[in-house]
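S.K.: Build me a model:
(one chain, ligands or ions: 1)
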Amino acid sequence: MTLIEESVELILQHQTHTGAYLASPVFAHYQYAWLRDGTFSAYAMNRARQHESARKFYKWCDYVIRKHEAKARAAIASVQAGLVRNDAGNDRFLHTRYTAEGEEVAGEWGSFQLDGYGTWLWGLAWHVRLSGEHDLIQELKPSIELTIDYVKACWQLPNFDCWEEGGDRIHPVTLGAIYAGVKAMEPYLSNRASEIAQLGEELRQFILEHGTVNGRFMKSVGNDSVDASLLWLALPYGVVAVDDPLMVRTVQTIEEELLQGYGLHRYPADTYYGGGQWLLLSAWLGWYYVNTGRREEAEEIAAWIASQRQQSGLPEQVQEHLLSPDHYKAWVERAGQPAVPLLWSHAMFLVLAAELGYKH
Ligand code: BGC
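M.R.: Numbers count the residues shown, from 1 in each chain. Got it, this is the predicted structure:
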């Protein structure tokens, strides 16, 4: 079985009957479903022509949002009434991860993350495009509109980033996800088209004005470090084109500061499990290379990712090179071995394989 087939099988195997994808089936902290990981898994399944699986996931997103509708409406009202303090730790906002049944997970977590709420809308539009299931948008319209109301009300608040950190800041990539999500829905919501277009423009302008330094994007507003997730601003969020000078400079900085061999680190100060190389990010760089005429390097990355496969699948991160080796052991003692298999790693491998035109 090739890694492509295996990845499809693995993602199907860990999709629950409710449609949720579990981030990692054996790593205790990841036995839940995230909007972010889940959407990229669904997108990968669409690229692998597994539309039924992706459809089930988007139905699950709809279910979760309807289930927490009252909370979402209360959060919107509080923000609009100016009642919200700049404190992403408070629990009045929608969470980022849920149980398969769509329940919030109890316990301390940086739960207030907005990127997933943009990402699922972005992914849904791709699902419809790739599967031809146009009726789904109509069916999910109340959740879609509620999500747009929610991100519109909240996007200027500090919230945790895609690594579930930095809850006291605003992150260009989070805004990029929201931008991509609302823009993806613009063609389907003709009654709100101009409102959505305006929101999209505000987000884009904000990113360009406050999220850049020295001709490149930066990790967070007020933190001019680099982060490999900034790649997403071009692919797939489309805030700028892949060859925009800002993105070219950002990628150069990512290559200089975060790339070791074929393995990409998240950001220079990462200490989580010693700050290893994240396979899903390497795949992302490969995705970028395919789209900028660097196919050979993308092929090398794909081969390297495949070489990192362990018995149970692809891990979240590998330790060929650690940014902060001293932290590795402490994390193992605290939370167990690093997550493997991670569905999102398999998903991004599938996306890269599809971009390269690899067949099953
Ligand atoms: C990552 C998140 C991810 C979660 C589940 C965290 O460690 O930072 O991006 O959503 O794991 O995979």
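
S.K.: which residue packs closest to Gly222, ignoring adjacent ones?
M.R.: Among residues not flanking Gly222 along the chain, Arg169 sits closest, at 6.1 Å (C-beta to C-beta, 6 or more residues apart in numbering). Where C-beta positions appear, they are placed from N, C-alpha and C, glycine not excepted.

S.K.: Might one say that Val64 is in contact with Glu103?
M.R.: No. Counting by C-beta atoms under 8 Å, Glu103 is not a contact partner of Val64; they are 9.2 Å apart.

S.K.: Neighbour count for these two, which is higher?
M.R.: Remark: of Val64 and Glu103, Val64 carries more neighbours, 26 against 13, as counted by other C-beta atoms under 10 Å.

S.K.: In contact with the residue nearest to the more buried one when sequence neighbours are not counted, which residues?
M.R.: In this structure, Val64 finds its nearest non-sequential neighbour in Gly102, 4.2 Å apart by C-beta to C-beta, 6+ apart. Counting by C-beta atoms under 8 Å, 6 or more residues apart in numbering, Gly102 touches Thr18, Ala20, Trp60, Tyr63, Val64, Lys67, His68.

S.K.: hmm, who's touching stretch 200-219?
M.R.: Contacts for stretch 200-219 (C-beta under 8 Å, 6+ apart): 155, 161, 166, 170-172, 175-176, 178-179, 182-183, 186, 221, 224-227, 230, 233, 239, 245-247, 249-250, 252-253, 267.

S.K.: and it, is it in reach of the ligand?
M.R.: No. On the criterion C-beta under 6 Å from any ligand atom, stretch 200-219 is out of touch with the ligand, staying 13.7 Å away.

S.K.: pLDDT of that stretch, averaged?
M.R.: For stretch 200-219, the mean pLDDT works out to 98.

S.K.: Next: stretch 330-349.
M.R.: 96.

S.K.: Just the CA coordinates for stretch 153-170, please, in PDB.
M.R.: Written as PDB, here are the backbone C-alpha positions of stretch 153-170 (Å, rounded to 0.1, in the frame of the first residue of the first chain):
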ATOM      1  CA  ALA A 153     -17.900  40.700  15.500                       C
ATOM      2  CA  CYS A 154     -14.800  39.200  17.000                       C
ATOM      3  CA  TRP A 155     -11.900  39.400  14.600                       C
ATOM      4  CA  GLN A 156     -10.400  42.500  16.200                       C
ATOM      5  CA  LEU A 157     -10.000  40.700  19.600                       C
ATOM      6  CA  PRO A 158      -6.800  39.000  20.600                       C
ATOM      7  CA  ASN A 159      -7.200  35.300  20.400                       C
ATOM      8  CA  PHE A 160      -5.000  32.100  20.400                       C
ATOM      9  CA  ASP A 161      -3.200  31.400  17.100                       C
ATOM     10  CA  CYS A 162      -3.200  28.200  15.000                       C
ATOM     11  CA  TRP A 163      -0.600  26.700  17.500                       C
ATOM     12  CA  GLU A 164      -3.000  27.600  20.400                       C
ATOM     13  CA  GLU A 165      -0.600  30.100  21.700                       C
ATOM     14  CA  GLY A 166      -0.300  33.900  22.000                       C
ATOM     15  CA  GLY A 167      -3.800  34.500  23.300                       C
ATOM     16  CA  ASP A 168      -3.000  38.200  24.000                       C
ATOM     17  CA  ARG A 169      -2.300  39.000  20.400                       C
ATOM     18  CA  ILE A 170      -3.800  39.300  16.900                       C
END
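
S.K.: what's the offset of that stretch from the middle of its chain?
M.R.: Distance of stretch 153-170 from the chain centroid (C-alpha atoms, centre = their mean, to the nearest Å) equals 14 Å.

S.K.: which bits of the stretch 151-300 of the chain sit near the ligand?
M.R.: So the stretch 151-300 of the chain meets the ligand at Cys162, Trp163, Glu164 (C-beta under 6 Å from any ligand atom).

S.K.: make it 8 Å
M.R.: Cys162, Trp163, Glu164, Glu165, Arg266, Tyr272 (C-beta under 8 Å from any ligand atom).

S.K.: all strands for this protein, in order.
M.R.: Applying DSSP state E to the chain gives strands spanning 33-34, 97-98, 212-213, 216-217, 259-260, 263-264, 277-278, 317-318.

S.K.: mind putting those strands in JSON lines, mean neighbour count included?
M.R.: Listed next are those as JSON lines, based on neighbours: other C-beta atoms under 10 Å:
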{"stretch": "strand 33-34", "mean neighbour count": "27"}
{"stretch": "strand 97-98", "mean neighbour count": "24"}
{"stretch": "strand 212-213", "mean neighbour count": "15"}
{"stretch": "strand 216-217", "mean neighbour count": "24"}
{"stretch": "strand 259-260", "mean neighbour count": "16"}
{"stretch": "strand 263-264", "mean neighbour count": "24"}
{"stretch": "strand 277-278", "mean neighbour count": "26"}
{"stretch": "strand 317-318", "mean neighbour count": "25"}
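
S.K.: Can you add distance to Trp344 and give the ones you listed back as a markdown table?
M.R.: Listed next are those as a markdown table, based on distance: least, C-beta to C-beta, whole Å:
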| stretch | distance to Trp344 |
| --- | --- |
| strand 33-34 | 8 |
| strand 97-98 | 13 |
| strand 212-213 | 27 |
| strand 216-217 | 22 |
| strand 259-260 | 19 |
| strand 263-264 | 14 |
| strand 277-278 | 9 |
| strand 317-318 | 11 |
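
S.K.: Between these, which one is closest to Asp87.
M.R.: With C-beta to C-beta as the criterion, Asp87 lies closest to strand 97-98 of the strands of the chain, at 19.8 Å.

S.K.: Output the below-cut-off pLDDT ranges for the protein.
M.R.: 1, 86 (pLDDT under 70).
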